[in-house]
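1. I would like the atomic coordinates for the input below:
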Amino acid sequence: MNILSWLEQIEPNAPNEADLGRLSRSCKRKQKQQMSTPPASETVMDLAPDAPDAPDAPDAPDATPLVKRRRPDNIFDDNVDVDRTPRRGSGKSWSTSDRTRTSSRSSTSRTSPTKRLAKLEVAPENPVLVTQINRNDTRIPAELKTILRELDTFQSRVGIVPNYLAEEINSRAENDDDFYNFMPSTFADSDAHSATTNPDPTLSLYQILKVFESARECLNEDHAEATWNTLVHWPVFELALGSIADVAEAINPGSASSNQAEGQGHKDQVRVRGMPCTAAKLRDRTYGSKMVDYCIFVEPQPDEAAKIAEMRAKLIYINHTDYNALRRRPIVLSAESKKPGEGIRDAQLQLSIWQSAQWALLEDPLGTGGGKERPAAIPFLPGLIIQGHEWHFTASTRFKNETILWIKQPIGSTETILGIFQIVRALHHIAAWIRGIYWPWYRRAVLHLPKDNIFI
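-> Got it, this is the predicted structure:
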């Protein structure tokens, strides 16, 4: 007899009544537990706090509560970064608090930046407007028109490339069509970049080409905004302004590095620097905590630093942000960046809210509501909006009680090698405006220091 025949002859034992009773009671207990415990996606934490059928309400029934979607009471409430894209986790199940935070983030994100800007336009205090530059608009101050005209001249591409790079560029252009648009007029006069007086860093063609190829890579491979920032946008700021910290290095006389070290300018010259600051948030959360990606600031000299330390006894932070690295470095320009084809309206929202807070602080730095008689306000605050390859200068002004963000003056594109030189030249010009116009005003109006002993 084989095994299969033997198995067929075995009769299964019928379950007795005791076994059936235990099985029935076990099933009933499981059903009761499932009915009394709501699924994880319908927890009490997902209920709106004011929902009438929430279990903590006075007249709450014992029945399972209905699920309510949380609706944000304030469209400016963005303590959660609305720019962050939810990412798939490592495969672990989400906790209740994770789901609640995600639900809150989604609700806030659903309010479009266009609707939020519309609400800002009619805000009862300090309304904010975003509008395209119109040189015939009487609300644009003459000083802003001047710098717009000066930045526009760089679009002609005349004299925007340092003369000391002419030989290397002309040699490469013989076999490289990426240099197709370099003309003799593109190069500046030989004395325009004197190492003894020019505070701008000496440019390296190799570094320019690194940015150019990185920008091409980011566009072709559809890299994320963070990659654009790391590989393209921040390196452009460093090309134009130098590193955050001055670094002394052993160099050979006559080399390009030697020229760069000498080109940092007089030791008492106003030092204009840039900084990535994606984690910086506003001190005043009235209109949210919108963040920007970069700031251009002034590194204070000893007398300025002493005055700032005195003010910080009351303020703690000298700026409108509580970002620690900027607590004693006055911000001048702020920049917001996005990847190509995305988020331009949100960039305008972020920058306009950010600079509105900056204006409020500059108009009353100690929060006294008045105080000493101060010089006239600076005519405008500069800004930048960067979208992939394209760089645009912006400026915010105050008109009556309104903050107006004026957009958009093109200053160059990383799509071409010459376009990168245009951006760098524009940033050099803005830095010169900061040294010559903004910082002397800030010393008098905010720090109450004399104009003496300032080397522009």
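
2. How many residues are close by Asn134?
-> Using other Cβ atoms under 10 Å, Asn134 has 10 other residues around it. Every C-beta, even on glycine, is put in place using the N, C-alpha and C of the backbone.

3. And it, how close does it get to Trp406?
-> Using Cβ to Cβ, to the nearest Å, one obtains 8 Å as the distance from Asn134 to Trp406.

4. For those two, list the residues in contact with both.
-> Common contacts of Asn134 and Trp406 (Cβ atoms under 8 Å, 6 or more residues apart in numbering): Ile140.

5. With just CA atoms, put stretch 346-363 into PDB.
-> Taking C-alpha atoms only, stretch 346-363 is exported to PDB below (Å, rounded to 0.1, in the frame of the first residue of the first chain):
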ATOM      1  CA  ASP A 346       6.000  80.800  -5.200                       C
ATOM      2  CA  ALA A 347       9.400  82.400  -5.500                       C
ATOM      3  CA  GLN A 348       7.800  85.800  -5.900                       C
ATOM      4  CA  LEU A 349       5.600  85.100  -2.800                       C
ATOM      5  CA  GLN A 350       8.600  84.000  -0.700                       C
ATOM      6  CA  LEU A 351      10.800  87.000  -1.700                       C
ATOM      7  CA  SER A 352       8.000  89.600  -1.300                       C
ATOM      8  CA  ILE A 353       7.100  88.400   2.200                       C
ATOM      9  CA  TRP A 354      10.800  88.200   3.200                       C
ATOM     10  CA  GLN A 355      11.600  91.700   2.100                       C
ATOM     11  CA  SER A 356       8.500  93.100   3.600                       C
ATOM     12  CA  ALA A 357       9.800  91.900   6.900                       C
ATOM     13  CA  GLN A 358      13.200  93.400   6.100                       C
ATOM     14  CA  TRP A 359      11.600  96.800   5.400                       C
ATOM     15  CA  ALA A 360       9.700  96.700   8.700                       C
ATOM     16  CA  LEU A 361      12.900  96.200  10.600                       C
ATOM     17  CA  LEU A 362      14.900  98.900   8.800                       C
ATOM     18  CA  GLU A 363      12.100 101.400   9.400                       C
END
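
6. same question for that stretch, mean pLDDT?
-> On average, the pLDDT along stretch 346-363 is 94.

7. If you count residues, where's the longest strand of the chain?
-> strand 402-413 (DSSP state E).

8. residue boundaries of the helices in the chain?
-> 3-9, 17-36, 96-109, 113-121, 142-153, 166-173, 205-220, 225-228, 234-241, 256-262, 302-315, 344-363, 417-433, 439-445 (DSSP state H).

9. so where's the stretch 251-400 of the chain shaky on pLDDT?
-> 251-267, 286-289, 366-375 (pLDDT under 70).

10. 50 instead?
-> In the predicted model, the stretch 251-400 of the chain carries pLDDT under 50 at residues 252-263, 370.

11. how much space is there between the residue nearest to Leu203 when sequence neighbours are not counted and Ile169?
-> Computed as Cβ to Cβ, 6 or more residues apart in numbering, the closest residue to Leu203 that is not its neighbour in sequence is Pro162, at 5.8 Å. Here the criterion is Cβ to Cβ. By it, Pro162 lies 10 Å from Ile169.

12. Which one's more surrounded, these two?
-> Each of Pro162 and Ile169 has its neighbours counted (other Cβ under 10 Å); Pro162 has more, 23 against 20.

13. correct me, but that one touches Ala188?
-> Yes: taking contacts as Cβ atoms under 8 Å, Pro162 lies within contact range of Ala188: 5.9 Å.

14. I'd assumed Tyr323 was in contact with Arg283.
-> No: Arg283 is not in contact with Tyr323 according to Cβ under 8 Å; the separation is 9.5 Å.

15. between these two, who's got more neighbours?
-> Of the pair Arg283 and Tyr323, Tyr323 is the one with more neighbours under other Cβ under 10 Å, namely 21 against 15.

16. Tell me how many other residues crowd the closest residue to the more buried one other than its chain neighbours.
-> In this structure, Tyr323 finds its nearest non-sequential neighbour in Ala280, 3.5 Å apart by Cβ to Cβ, 6+ apart. If you count neighbours by other Cβ under 10 Å, Ala280 ends up with 25.
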